[in-house]
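Peer 1: what's the 3D shape of this:
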Amino acid sequence: MTDPTENDERLAVPVTQLRPSLEAVLMVADQPLDVASLATAVGYPVDAVMEALLALASEYDEQGRGFELRNVAGGWRYYTREEYAVVVEGFVLEGQQARLTQAALETLAVVAYKQPISRARVSAIRGVNVDGVMRTLLTRGLVEEAGQDAETGANLYRTTRYFLERIGVTSIDELPELAPYLPDMDDLEDELAELAASPEPVEEHHPSPHSGQGTEPDGGTEIS
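Peer 2: Presented below is the predicted three-dimensional model:
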């Protein structure tokens with residue numbers, strides 16, 4: 001049986017201190033925290049915590065703070081405001097190469113829209129071996145293993161919660177539709193006709209010792 005004095009001790013903090021308590025917890029959090037976790041941490045009902053979070057977010061907006069409180073990837077966390085991104089990026093990066101390469105971005109897009117997907121399938125879609133790039137994405141925490149294919153036994157991959165957090169959505173269902181970014185069929189047919197009539201291009205990637213496909217570097221110089 002639960003000791004009633006235990007709940008009394010947890011709820012002993014005056015209601016006026018709920019917001020500062022939430023601010024203190026969120027300030028040290030290294031990942032988004034859901035409402036239930038925050039309610040447990042500060043010892044308040046979930047409804048009261050949700051109300052306080054919404055009030056804090058509104059208050060920061062009204063005051064024009066350099067940061068904001070957002071609900072992203074299923075949890076609440078502090079973020080710097082987009083209009084100050086240039087300042088923050090200059091301070092954090094300070095000349096360091098932190099962006100993903102074009103190859104990594106393209107591979108990440110394939111995983112995001114086709115997940116769960118095997119490494120071989122990603123390579124087939126991109127037309128180049130992606131082993132090195134996939135290692136980079138795994139190291140960065142943007143993709144993760146998602147079991148094995150029932151037929152081939154190959155490892156499957158999917159995007160992570162960190163990926164959702166970085167692009168500012170709560171679910172992969174919120175990813176933009178690809179159709180608006182694809183060329184019109186007439187334009188596509190013209191391009192295909194031009195490609196068919198042109199000489200076969202020289203292979204840009206050197207073949208690996210064990211594969212007929214080219215390989216891309218693993219981006220080892222990139223910095224998180």
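Peer 1: right, and the helix or strand after the lengthiest helix in the chain?
Peer 2: When the chain is parsed with DSSP state H, its longest helix is helix 46-63. Where DSSP states H and E defines the elements, the next helix or strand beyond helix 46-63 is strand 67-72.
Peer 1: Counting by contacts, list what that following strand packs against.
Peer 2: Strand 67-72 sits against helix 46-63, strand 75-80, with contacts defined as 3 or more C-beta pairs under 8 Å, 6 or more residues apart in numbering; DSSP states H and E. No exception for glycine: its C-beta is placed from N, CA and C like everyone else's.
Peer 1: Would you mark the buried spots in the longest helix of the chain?
Peer 2: 49, 50, 52, 53, 56, 60 (16 or more other C-beta atoms under 10 Å).
Peer 1: Looking at the residues you listed, spot the one nearest residue 141.
Peer 2: Nearest to residue 141 among the buried residues of helix 46-63 is residue 53, at 25.5 Å by C-beta to C-beta.
Peer 1: any chance of the helices and strands packed on strand 67-72 in a markdown table, plus distance to residue 17?
Peer 2: Formatted as a markdown table, the helices and strands packed on strand 67-72 follow (distance: least, C-beta to C-beta, whole Å):
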| stretch | distance to residue 17 |
| --- | --- |
| helix 46-63 | 10 |
| strand 75-80 | 18 |
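Peer 1: how about low-confidence regions in the chain?
Peer 2: Scanning the chain with the threshold set as pLDDT under 70 gives 1-16, 92-98, 178-224.
Peer 1: Bridged to residue 78, which residues?
Peer 2: Beta-bridge pairing for residue 78 (DSSP bridges): residue 69.
Peer 1: residues touching it, list them.
Peer 2: 26, 27, 67, 68, 69 (C-beta atoms under 8 Å, 6 or more residues apart in numbering).
Peer 1: Tell me where the protein has strands.
Peer 2: Ranges of strands in the chain, per DSSP state E, are 67-72, 75-80, 117-118, 143-148, 155-159.
Peer 1: Strand partners (parallel or antiparallel) of the fourth one?
Peer 2: Within its sheet, and counting by DSSP bridges, strand 143-148 is paired with strand 155-159 (antiparallel).
Peer 1: List the buried residues of the strand it pairs with.
Peer 2: Within strand 155-159, the residues that count as buried by 16+ other C-beta under 10 Å are 156, 157, 158, 159.
Peer 1: What residues sit buried inside stretch 67-87?
Peer 2: By neighbour count on 16+ other C-beta under 10 Å, the buried set for stretch 67-87 is 69, 70, 71, 72, 73, 75, 76, 77, 78.
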